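**Q** Here's a sequence, model it:
(one chain, ligands or ions: 2)
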Amino acid sequence: MTQETHQKERLYLFDTTLRDGQQTTGIDFSLDDKITIARMLDELGVDYVEGGYPGANPTDSAFFEETRTQNATFTAFGMTRRAGVSTSNDPGLKALIDAAGDAICFVAKSWDYHVRVALKTTNEENLACIQDSVMATLAAGKEPMVDCEHFFDGYKANPEYALACAEIAYQSGARWVVLCDTNGGTQPDEIEAIVKTVMGKVPGTHLGIHPHNDTEQAVANALAAVRAGVRQIQGTLNGIGERCGNANLTSLIPTLMLKEPYASQFEIGVTPEQLSKLTVTSRTFDEILNRAPDRHAPYVGAGAFATKAGIHASAVLKEPETYEHVPPAVVGNTRRVLVSDQAGKSNLLAELGRLGIVCDPKNSRLNDLLAELKEREAAGYSYEGADASLALLAMARLGTVPTYFKVESYKVAVERRFNALGQEIDLSEAVVKVDVDGQRLMSVAEGNGPVNALDNALRKDLGRFQSVIESLELVDYKVRILNAGTAAITRVLIESEDTATGERWYTVGVSENIVDASFQALEDSITTKLMRADGLMMAPAAE
Ligand SMILES: CC(=O)SCCNC(=O)CCNC(=O)[C@H](O)C(C)(C)COP(=O)(O)OP(=O)(O)OC[C@H]1O[C@@H](n2cnc3c(N)ncnc32)[C@H](O)[C@@H]1OP(=O)(O)O
Ligand SMILES: CC(=O)C(=O)O
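**A** Ligands and ions are numbered 1, 2, ... in the order given. Reported below is the predicted structural model:
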């Protein structure tokens, strides 16, 4: 019997987060950001890290002075030599060649329309610009590659010229000729067909793809190009990039490693161990960008393996494969069964388990709790994102929750007045009366708004519990108005942190009155802190 050995083909990942990603509206990396992100990308296992455009701005120039990647090929980006100028007289090209880095990726025109309008030169001179720039890079001992800008649009307008640009780049010695869907409008079938014709001029082992996401098909276009023969993919972390973004490497990496026909045909530089860090990499990157991670992101979003529907949850708990396309752990994500108005008993039991609340599935109070949760959700509560409030409610209905303090009453006054200089002064003042161990405590506090004043007053004096809540901090406060008109209901979600341990939890309040809704969420937050300090409530398993 002969054993069939199957050699996988190598597929290369080229990351342009620090270059095309920097062209995203609203994203502006600092030098420190770039250094951190380059390290993350290197650890993730991509083959190329394109660091930016040395010479174009002080951050990129400094970055190239300070940074080296350990594993990935560190790449500078820039344009080919300017038309009508020799390579030795082009300061931009000199800055690129002189910059640290192992490779240079040139952006070159490949659409004759752009040559005429943007460069204002001849087709022949543009071909000479490509050739000279590649050869100068080789002469400097670096790896040249050429991003053929607008390749697909250029091919549709003038196929001979677009192909001539790709061919001259390859024949001059470019390691990679990268076909760019710069305006992002090309469809997967077109990509596949056009790449196949380019393969007649440049072998697939030297071809790359750089798709943009303007029709939300950058990932599909990258995969179409791979099926047609290219062996390098350019993309970014979390899909950032000019306009609607680039091909999302955070989605492409697991697809290439876990899905057919790619998984059997190709290997990439990312190991299964590196793949298991994908979720943390993606979320850390969002943290650097100072934005909330997309809950619905494929593979890595908090909702990517979250099950809400009762019928699904019941099956997932029997065998996860029933509703999961891959096991969440392979990408470092976790399974989550949510409790909401779509839930059944299976959801509830799973979530109670995650919150560390032990409950016999036959406990008759479970059905009552589920019914109450659904009624509360109908009234505006949302427990999906408020696990501490859910835990408190469940513990109260299935067992007991200690009464640490009882709020007898509270009052808030909001005042706007003008001082002697005519300056406007906004003042909020709250008075809270609480009963702790039969002793009435009254606190008065001011704040920059009624909710802040209330929070300050409630936490000013909780008697013997005061030292326990000292490390409690509110880190986020979200208000949502649930229906329009005079009967509007307000839902308040509060995120709290124990600054001593770094633990965070979420509580919810709902009322026709924003102050009352906030007060409910604040009370739940403080009770959670006290119960955790007493070991009566666990921190939930990580999402
Ligand atoms: C498809 C892409 O994503 S390409 C991404 C390109 N990235 C960036 O542009 C970001 C960084 N860019 C910059 O900081 C600046 O544009 C610089 C420093 C590169 C150049 O700045 P300036 O010299 O002021 O030129 P400016 O930006 O106004 O115009 C670009 C010039 O380069 C020329 N040019 C554009 N592409 C190319 C190319 N591939 N090869 C040769 N020349 C080119 C244009 O014709 C234009 O020349 P002109 O000034 O004679 O009209
Ligand atoms: C080079 C590049 O970023 C593009 O053509 O889209």
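**Q** for ligand 2, what are the nearby residues on the chain?
**A** By C-beta under 6 Å from any ligand atom, the residues of the chain that approach ligand 2 are Asp20, Val107, Asp147, Glu149, Cys180, Thr182, His210, His212. Quick note: C-beta positions are derived from backbone N, CA and C, even for glycine.
**Q** what about the fourth one, how many neighbours?
**A** Counted with other C-beta atoms under 10 Å, residues neighbouring Glu149 total 24.
**Q** List the residues that contact it.
**A** Taking C-beta atoms under 8 Å, 6 or more residues apart in numbering, we find Glu149 in contact with Val107, Ala108, Lys109, Ser110, Trp111, His114, Cys180, Thr182.
**Q** Mind checking which of the residues you listed are in helices?
**A** Mapping the contacts of Glu149 onto helices (DSSP state H) picks out His114.
**Q** hang on, the earlier thing: in a markdown table, list the residues of the chain next to ligand 2 along with pLDDT and distance to ligand 1.
**A** Below are the residues of the chain next to ligand 2 laid out as a markdown table (pLDDT from 0 to 100; distance: C-beta to the nearest ligand atom, whole Å):
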| residue | pLDDT | distance to ligand 1 |
| --- | --- | --- |
| Asp20 | 98 | 6 |
| Val107 | 98 | 5 |
| Asp147 | 98 | 7 |
| Glu149 | 98 | 5 |
| Cys180 | 98 | 7 |
| Thr182 | 98 | 5 |
| His210 | 98 | 9 |
| His212 | 98 | 9 |
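**Q** who wins for most neighbours among those?
**A** Greatest neighbour count in those, by other C-beta under 10 Å, goes to His210: 29 neighbours.
**Q** I figured it was touching Asn246, is that so?
**A** Yes: under the criterion of C-beta atoms under 8 Å, His210 makes contact with Asn246 at 7.4 Å.
**Q** got any residues that touch both of those two?
**A** What both His210 and Asn246 touch, as defined by C-beta under 8 Å, 6+ apart, is the set Thr16, Asp20, Gln234.
**Q** Give the other helices and strands that the helix or strand hosting Glu124 contacts.
**A** Using DSSP states H and E, Glu124 sits within helix 123-139. When contacts are defined as 3 or more C-beta pairs under 8 Å, 6 or more residues apart in numbering; DSSP states H and E, helix 123-139 sits against helix 91-98, strand 103-109, strand 143-149, helix 159-172.
**Q** Just want the angle from that helix to helix 91-98.
**A** 30 degrees (axes from the mean of the first three to the mean of the last three C-alpha atoms, to 10 degrees).
**Q** Give me the spatial nearest neighbour of Tyr404, chain neighbours excluded.
**A** Nearest non-adjacent residue to Tyr404, counting by C-beta to C-beta, 6 or more residues apart in numbering: Leu530, 4.9 Å away.
**Q** Burial check on whichever residue of the stretch 301-450 of the chain sits closest to ligand 1, number of neighbours?
**A** Across the stretch 301-450 of the chain, no residue is closer to ligand 1 than Gly301, which sits at 27.3 Å (C-beta to the nearest ligand atom). Using other C-beta under 10 Å, Gly301 has 18 neighbouring residues.
**Q** close enough to count as contact, it and Asp294?
**A** Yes: assessed by C-beta under 8 Å, Gly301 is found in contact with Asp294 at 5.5 Å.
**Q** got a list of contacts for the helix holding Glu124?
**A** Helix 123-139 is contacted by residues 80-84, 86-87, 93, 97, 104, 106, 108-109, 112, 115, 119, 143-144, 146, 161, 164-165, 168-169, 172-174 when judged by C-beta under 8 Å, 6+ apart.
**Q** Would you mark the buried spots in that helix?
**A** 123, 126-134, 136-138 (16 or more other C-beta atoms under 10 Å).
**Q** where exactly do the helices run in the stretch 301-450 of the chain?
**A** 310-318, 345-354, 365-379, 387-398, 450-458 (DSSP state H, counting those that start in this stretch).
**Q** Reformat the ones you listed as TSV; add mean neighbour count.
**A** Converted to TSV, the helices of the stretch 301-450 of the chain look like this (neighbours: other C-beta atoms under 10 Å):
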stretch	mean neighbour count
helix 310-318	18
helix 345-354	21
helix 365-379	15
helix 387-398	22
helix 450-458	22
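**Q** mean pLDDT lowest for which of the ones you listed?
**A** Lowest mean pLDDT within these: helix 310-318, a mean of 86.
**Q** by contact count, what packs against it?
**A** Helices and strands touching helix 310-318, as assessed by 3+ C-beta pairs under 8 Å, 6+ apart, comprise strand 336-337, helix 345-354.
**Q** Residues contacting the first one, please?
**A** It refers to strand 336-337. With C-beta under 8 Å, 6+ apart as the test, strand 336-337 has contacts from 302-303, 305-307, 313, 316-317, 346-347, 350-351, 354, 543.
**Q** ok, now with 10 Å
**A** Identification of contacts with strand 336-337 by C-beta atoms under 10 Å, 6 or more residues apart in numbering yields 302-308, 310, 312-314, 316-317, 328, 343, 346-354, 384, 540-543.
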